[in-house]
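Novice: Just a sequence and a predicted model for now, questions to come.
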Amino acid sequence: MRGSLFRFLTAGESHGKALAVIVEGMPAGVELNEEDINQELARRRLGFGRGPRMRFEKDEISILSGVRFGRTLGSPIAVEIANTEWPKWEQEMSVAKGISSKELTQPRPGHADLAGMQKYGFSDARDVLERASARETAARVVAGAIAKKLISNIGIQIISHVISIGSVMTAKDLGELKDKPKFKDLEKIDASEVRCFDPELAEAMVAEIKAASKAGDSLGGSVEVIAYGVPVGLGSHVHYDRKLDGLLAQAFMSIQAVKAVEIGMGSTLGSLRGSVAHDEIHWESSTKIYARPTARAGGIEGGISAGGPITAIVTMKPLATLNRPSIKTVDVITKESKYSFKERTDVVAVPALGVVSETMMAIVLADVALEKFGGDSLNEFTVNFKNYKKHLNSTPSSVEAIFGKKP
Ligand code: EPS
């Protein structure tokens, strides 16, 4: 498999002392401070239908390494996110020798609980669920905030918006770029309590969440992620593990509870004829670029970014934890049929999924941008980028490129 140039690892349990993330591959000289990261973390906590924890969990971060005087050093960036909940969990999550006061032996259907208990040989679901929890996405968002800082220097900006919650969804879009929210709309999207661009739809989504909440149930849904300003030529057609759409699909699919990823119009394309499914190519003589007014292919052709916005739809299943458990499971000790244990939970986390999907998009784009433009410092990275842009579209024919002149 292709190695990544922008890499990160996270550590930490949901109710442990802290989460930690190490980001490696960030060039030197990029401005970075705690505020940049805090802003992204605050966006992840948004959303109607989150549980009580989101109101009091503060995501207290400290940058431990890799940054000096407000700019990156090119060395690994380590960040700690303290769990402000820790004092309540200190005993149950202690690292010292001991036993749990209450083992969770009735795994939740749809969660990692049972398969994880079987795989690792545990009788307490907490040994699995603490790490499987979507709390880990807070650490990803830190890595994503750092990736966003890097790629913003070559003009890449990423947004997301919620397009469905439960059965409430936007009308199928036909990939027209003019209909999609732009980067300037992000503030408006974040101001919506469900991060939906359409206020009427947002109201229907809130009603759907209230109804599910009343029933003690949970919901899933979809977000669209859009990256603007992506240069043509990131990723490659030459190998399965260099294709940009493949890399994005893996990254999105790795988000907790995600069950589907579509690039551009995704599965809808399968029902269209070729004559209407593909994006037309136009030459814009004023700007000397090839433009596509649509993003049906999601801005990626043959695994290569095509120069327009990159769009993807990411869908998560309903949260596996139910406020009123109503589907059957088995007690792993007695083997009796039971309802699962009760855990505090959110009703829906789709608004946060948008922010986490932006994060994964930023990390993949930072990685393929570093592959294309390289550089140990931001200056080197941006000079290489500008040089590439200067020669783009003025490339001579292949024959001239190889022999210097037409034979
Ligand atoms: C989560 C359950 C809830 C969420 C949590 C993810 O946590 P708790 O059980 O502590 O209330 O709030 O999400 C976060 C803490 C977060 O920061 O996103 C789960 O089971 O995945």
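Specialist: It's in. No experiment lies behind these values; they were computed from the predicted model shown.
Novice: where along the stretch 251-400 of the chain do the helices fall?
Specialist: Under the criterion DSSP state H, counting those that start in this stretch, the stretch 251-400 of the chain contains helices at 274-277, 350-373, 378-391, 398-403.
Novice: I'd like the ones you listed as TSV, with mean pLDDT appended.
Specialist: Listed next are the helices of the stretch 251-400 of the chain as TSV, based on pLDDT from 0 to 100:
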stretch	mean pLDDT
helix 274-277	96
helix 350-373	98
helix 378-391	96
helix 398-403	60
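Novice: Relative to Trp89, which of those helices is closest?
Specialist: Closest of the helices of the stretch 251-400 of the chain to Trp89 is helix 350-373, at 21.3 Å (criterion: C-beta to C-beta). Using the backbone N, CA and C atoms, a C-beta is placed for each residue, glycine as well.
Novice: Tell me the helices and strands packed up against the closest one.
Specialist: Applying 3 or more C-beta pairs under 8 Å, 6 or more residues apart in numbering; DSSP states H and E, one finds that helix 350-373 contacts helix 34-44, helix 137-152, strand 157-165, strand 221-228, helix 244-253, strand 310-316, helix 378-391.
Novice: For Ile263, give me its contacts.
Specialist: The neighbours of Ile263, taking C-beta atoms under 8 Å, 6 or more residues apart in numbering as the test, are Asp245, Leu248, Ala249, Ala297, Gly298, Ile300, Thr311, Ala312.
Novice: Likewise for Thr345?
Specialist: Residues in contact with Thr345 (C-beta under 8 Å, 6+ apart) are Gly51, Ser218, Leu319, Thr321, Leu322, Asn323.
Novice: Leu41 too?
Specialist: Residues near Leu41 by C-beta under 8 Å, 6+ apart: Asp59, Ile61, Ile81, Ala138, Val141, Val142, Ala145.
Novice: Would you confirm that the second one contacts Val141?
Specialist: No - at 10.3 Å, Ile61 and Val141 do not qualify as touching, with contact defined as C-beta atoms under 8 Å.
Novice: pLDDT weak spots in the protein?
Specialist: The chain contains residues with pLDDT under 70 at 395-407.
Novice: for the residue nearest the centre of it, what are its contacts?
Specialist: Geometric centre of the chain, nearest residue: Ser357, 2.0 Å, by C-alpha atoms, centre = their mean. Taking C-beta under 8 Å, 6+ apart as the contact definition, Ser357 lies against Ser160, Val223, Val225, Phe252, Ile255, Ala312, Val314.
Novice: for those residues, which one is nearest the ligand?
Specialist: Nearest to the ligand among these: Ile255, at 11.5 Å, using C-beta to the nearest ligand atom.
Novice: Quick check: nearest residue in space to that closest one, chain neighbours excluded?
Specialist: Distance criterion C-beta to C-beta, 6 or more residues apart in numbering; nearest residue to Ile255, sequence neighbours excluded, is Val356 at 5.4 Å.
Novice: Quickly note the distance from that neighbour to Ser101.
Specialist: 32 Å (C-beta to C-beta, to the nearest Å).
Novice: more crowded one of the two?
Specialist: The neighbour count for Val356 versus Ser101, taken as other C-beta atoms under 10 Å, is higher for Val356 (27 against 7).
Novice: number of nearby residues for Ala207?
Specialist: 12.
Novice: how about the nearest residue to it, chain neighbours excluded?
Specialist: Ala207 sits nearest to Val168 (C-beta to C-beta, 6+ apart), 8.0 Å away.
Novice: burial of the one you found, as a residue count?
Specialist: Around Val168 there are 21 other residues, counting by other C-beta under 10 Å.
Novice: Just confirm it contacts Glu200, I think it does.
Specialist: No - assessed by C-beta under 8 Å, Val168 is found out of contact with Glu200, at 10.3 Å.
Novice: what's near enough to touch the nearest residue to Glu13 once chain neighbours are set aside?
Specialist: Using C-beta to C-beta, 6+ apart and skipping the chain neighbours, the partner closest in space to Glu13 is Glu130 (3.7 Å). For Glu130, the contact set (C-beta under 8 Å, 6+ apart) comprises Glu13, Ser14, His15, Gly16, Met93.
Novice: ok but the fourth one is inside a helix, no?
Specialist: Spelled out, it's Gly16. No - counting by DSSP: H, G, I helix; E, B strand; the rest coil, Gly16 falls outside a helix, being coil.
Novice: which phi and psi does the residue nearest to Asp241 when sequence neighbours are not counted have?
Specialist: Closest residue to Asp241 apart from its sequence neighbours, by C-beta to C-beta, 6+ apart: Arg2 at 4.3 Å. Main-chain torsions, Arg2, degrees, to the nearest 10: phi -60, psi 130.
Novice: Okay, Arg2 and Ala139: tell me how far apart.
Specialist: Noted for Arg2: a distance of 23 Å to Ala139, by C-beta to C-beta.
Novice: more neighbours, these two?
Specialist: Each of Arg2 and Ala139 has its neighbours counted (other C-beta under 10 Å); Ala139 has more, 26 against 14.
Novice: For that one, which non-adjacent residue is spatially closest?
Specialist: In space, and not counting its chain neighbours, Ala139 is closest to Thr10: 3.8 Å by C-beta to C-beta, 6+ apart.
Novice: How far off centre is stretch 39-58?
Specialist: On the basis of C-alpha atoms, centre = their mean, to the nearest Å, stretch 39-58 is displaced by 16 Å from the centre of the chain it belongs to.
Novice: Does the ligand have contacts with that stretch?
Specialist: Yes - on the criterion C-beta under 6 Å from any ligand atom, stretch 39-58 is in touch with the ligand at Gly51, Arg53, Met54, Glu57.
Novice: returning to that earlier point: give me the more crowded residue out of Ile61 and Val141.
Specialist: Each of Ile61 and Val141 has its neighbours counted (other C-beta under 10 Å); Val141 has more, 28 against 21.
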